[in-house]
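*Asks:* Below is the sequence, then the predicted model.
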Amino acid sequence: MNTQLFTKAYSLIKASNNILVVTHDHPDGDGLASACLMAEVLELAGKKYRLYCHDQAGYQLNFLPHLEKFNTHYGKFDFDLIIALDCGNVQRTKLDKEILSRRAGQRVLEIDHHPKIEDYADLEIRDPGAAATAEILYYFLKANKIPLNKNLANCVLTGILTDTANFLYPSTSPETINIASEMLAKGARLPQIMENTWRNKSIASMKTWGKAMTNLQINQKYNFAFTILKAEDTPAEVTEEELEGMSGFLSNLDKVNGLLLLRELPDGRIKGSLRTSKSNVNLTQLAQVLGGGGHARAAGFTIQGALKKTEKGWKIV
Ligand SMILES: [Mn+2]
């Protein structure tokens, strides 16, 4: 990637005094790790900042550096820079009002690896070929000669491992593996990352995974697998983090073009996750038609409704 963009981004950061760092709602490992990495950069640069996410981060607080500083509101913090990380589109920041009607003097820096949807930032760094936003941030660190400490290494590796489902997804490139290897050499703690992101399943969440597998069916017409989870299949104590990677795991199913997982959320909406391992299938457009977005091989959407079983199969009502 163009190193000039990275040095420009760092200049913008250094020229700002009050920085609001945001990642997307229902945060995942890459979003949180990217924001924690930026927090570490801002600490090292001696900047005042806040970490904001619309939804609570569910990981154990000692897992990523600065994770305990996340807040679901930013109070009266008078920011002059918003850094949006891994957000996909401006709505997912849940700061769209603040961003779209920002005052003169308030800037927005966006760093993301989702396909481009709209222009909203003063400076945008986007690489849809990157396996994770944390992977782009690795190049940001390198370009600006910020020495990789253990905290930074842990964040980069966490973002890469969670967004590739431990190198399972085709977004994994030779560079991805090289970076991961360098992070281990710099002191990233692989066992601790695995404990927190993968070996973190309660028995209740395992049973939810089991339900999703039990309900698997194949649509013969499109050779597309699908499965559903009713709201009652996900007990309240099961966290989003425990369900992370489920659709990726289900897409290990052999000989299908892809997989759709529909999950009823407690608030009356349905979350759809689309996955494929086929290089000739592009799921981004399908997700966009349904109001969502994402990558070619992993995309998603959220719609209003409930799942109802009919004689012909499952229906959204
Ligand atoms: Mn990501």
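*Replies:* That came through fine.
*Asks:* which regions of this structure sit below the pLDDT cut-off?
*Replies:* Within the chain, no range satisfies pLDDT under 70.
*Asks:* Need phi/psi at whatever residue of the stretch 1-150 of the chain ends up closest to the ion.
*Replies:* Among the residues of the stretch 1-150 of the chain, D30 lies closest to the ion, at 3.5 Å counting by CB to the ion. (Glycine included, C-beta is placed from N, CA and C.) Dihedral pair for D30: phi -70, psi -40, per degrees, to the nearest 10.
*Asks:* which residues of the stretch 1-150 of the chain fall in helices?
*Replies:* When assigned using DSSP state H, counting those that start in this stretch, the helices of the stretch 1-150 of the chain occupy the ranges 3-14, 29-44, 96-100, 133-143, 150-163.
*Asks:* ok, back up a step: contacting residues for the residue of the stretch 1-150 of the chain closest to the ion?
*Replies:* D30 sits next to D86, A132, T133, A134, T158, G159, I160, T162, D163 when contact means CB atoms under 8 Å, 6 or more residues apart in numbering.
*Asks:* For Q217, which non-adjacent residue is closest in space?
*Replies:* Closest residue to Q217 apart from its sequence neighbours, by CB to CB, 6 or more residues apart in numbering: F226 at 6.0 Å.
*Asks:* Look up which residues are beta-bridged to Q304.
*Replies:* R269 (DSSP bridges).
*Asks:* Quick one: name the residues of the stretch 1-150 of the chain near the ion.
*Replies:* Within reach of the ion by CB under 5 Å from the ion, the stretch 1-150 of the chain has these residues: D30, D86, T133.
*Asks:* what residues are up against the second one?
*Replies:* I take that to be D86. Contacts here follow CB under 8 Å, 6+ apart; on that basis D86 touches T23, H24, D28, D30, G31, S34, I111, D112, H113, H114, A132, T133.
*Asks:* Backbone dihedrals for it, please?
*Replies:* The phi/psi pair for D86 (degrees, to the nearest 10) reads phi 70, psi 30.
*Asks:* Which single residue of the stretch 201-317 of the chain approaches the ion most closely?
*Replies:* Proximity of the stretch 201-317 of the chain to the ion (CB to the ion) peaks at H295, 8.6 Å away.
*Asks:* distance of that residue from D30?
*Replies:* Distance, H295 to D30, by CB to CB, to the nearest Å: 12 Å.
*Asks:* And for Q220?
*Replies:* Distance, Q220 to D30, using CB to CB: 35 Å.
*Asks:* Thank you kindly, that will do.
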